[in-house]
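In: Have a look; sequence and predicted model below, questions after that.
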Amino acid sequence: MMSPRQLRELMAVVSRHLSIHLPAKVAQSVIDKPGDLEFELCELFWRIAEANEKARRAVEAKHIIDCDADPYLLGLFTVEEHRRSGQLEWDPDKVVLYLSDLQRGRSVVQGHALRKELQNQSVLNACVLDYLLVHPNLIPIMWMRMRVYFWGTIYCDREGDLCVRGLFWEDEKGWFWRYKHLSHDFYRDDTAAVSASV
């Protein structure tokens with residue numbers, strides 16, 4: 001079941017992208033007492049928003065991301081690993097949001113173990129993250145429901161701890177990035193952006 005915060009986010013997305021406005025009384029009822037019908041309605045709105053977004057993207061210009069470029073440096077951080085992968089034509093339909101089996105359900109996985117698991121995956125690097133932040137209209141609407149990490153670039157802080165950057169959504173801020181240390185746990189909402197085209 002969606003939280004009141006998620007429902008508010010959904011209604012904002014619907015209003016912004018589809019020009020569908022729920023009456024105030026209905027909207028408040030969805031927030032106060034989200035039942036099965038309201039949940040199904042919300043899921044339907046997410047699917048409509050996603051379909052609308054795909055139709056819009058189909059007529060837009062191509063976006064080429066230079067994944068061979070040097071990644072953005074975080075203040076006193078250094079780059080531990082940066083997987084260069086050439087020129088990427090952005091197509092979110094060719095990106096898989098990967099979850100380890102250990103993350104499914106209520107389980108978690110530590111970042112170092114997840115990094116090892118992703119070693120043979122075609123993970124996207126931080127160049128893609130930074131490009132999407134400059135072009136937020138390219139970020140899939142469904143990504144608002146999770147945190148998306150770009151494991152192709154691993155950073156090291158001044159204490160020698162490794163971390164990875166992720167893409168986050170908040171109502172007040174919109175899209176922004178944040179980093180997470182690999183010594184921390186990664187939950188079922190902490191996905192990895194992996195290219196499905198390789």
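Out: The structure has been received and is ready for your questions.
In: In this protein, what helix or strand scores lowest on average pLDDT?
Out: Ranked by mean pLDDT, DSSP states H and E, the weakest helix or strand in the chain is helix 24-32, scoring a mean of 53.
In: And the strands in this protein?
Out: 64-66, 78-82, 87-89, 95-98, 109-110, 147-156, 162-170, 174-181, 185-186, 190-195 (DSSP state E).
In: ok, Tyr188 - contacts?
Out: Heads up, residue 188 is Arg, not Tyr. When the contact criterion is C-beta atoms under 8 Å, 6 or more residues apart in numbering, the partners of Arg188 are Leu99, Gln103, Arg104, Gly105, Arg106, Ser107. Just so you know, the C-beta spots here come from the backbone N, C-alpha and C atoms, and that holds for glycine as well.
In: The same query, at a cut-off of 6 Å, please.
Out: Neighbouring residues of Arg188 by C-beta atoms under 6 Å, 6 or more residues apart in numbering: Gln103.
In: Backbone dihedrals for it, please?
Out: Geometry field for Arg188 lists phi and psi as phi -70, psi -20, criterion degrees, to the nearest 10.
In: Check what pLDDT it gets.
Out: Among the per-residue scores, Arg188 holds a pLDDT of 91.
In: ok so, going back, who wins for proximity to Tyr131 among the strands of the chain?
Out: When the strands of the chain are ranked by proximity to Tyr131, the top entry is strand 64-66, at 4.6 Å, counting by C-beta to C-beta.
In: who does the closest one pair up with?
Out: When sheet partners are counted by DSSP bridges, strand 64-66 sits next to strand 87-89 (antiparallel).
In: model confidence over the strand it pairs with, on average?
Out: 95.
In: got the buried residues for it?
Out: Of the residues in strand 87-89, those buried by neighbour count under the rule 16 or more other C-beta atoms under 10 Å are Leu88.
In: Stretch 157-172 too?
Out: When burial is assessed from 16+ other C-beta under 10 Å, stretch 157-172 yields the following buried residues: Asp157, Leu162, Cys163, Val164, Arg165, Gly166, Leu167, Phe168, Trp169.
In: Stretch 191-198 now?
Out: Applying a neighbour-count criterion of 16+ other C-beta under 10 Å, one finds Thr191, Ala192, Ala193, Val194, Ser195 buried in stretch 191-198.
In: before we move on, what about stretch 66-83?
Out: By 16+ other C-beta under 10 Å, the buried positions in stretch 66-83 come out as Cys67, Pro71, Tyr72, Leu74, Phe77, His82.
In: In TSV: those, plus distance to Ala126.
Out: Shown next, in TSV, are the buried residues of stretch 66-83 (distance: C-beta to C-beta, whole Å):
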residue	distance to Ala126
Cys67	9
Pro71	4
Tyr72	6
Leu74	10
Phe77	11
His82	8
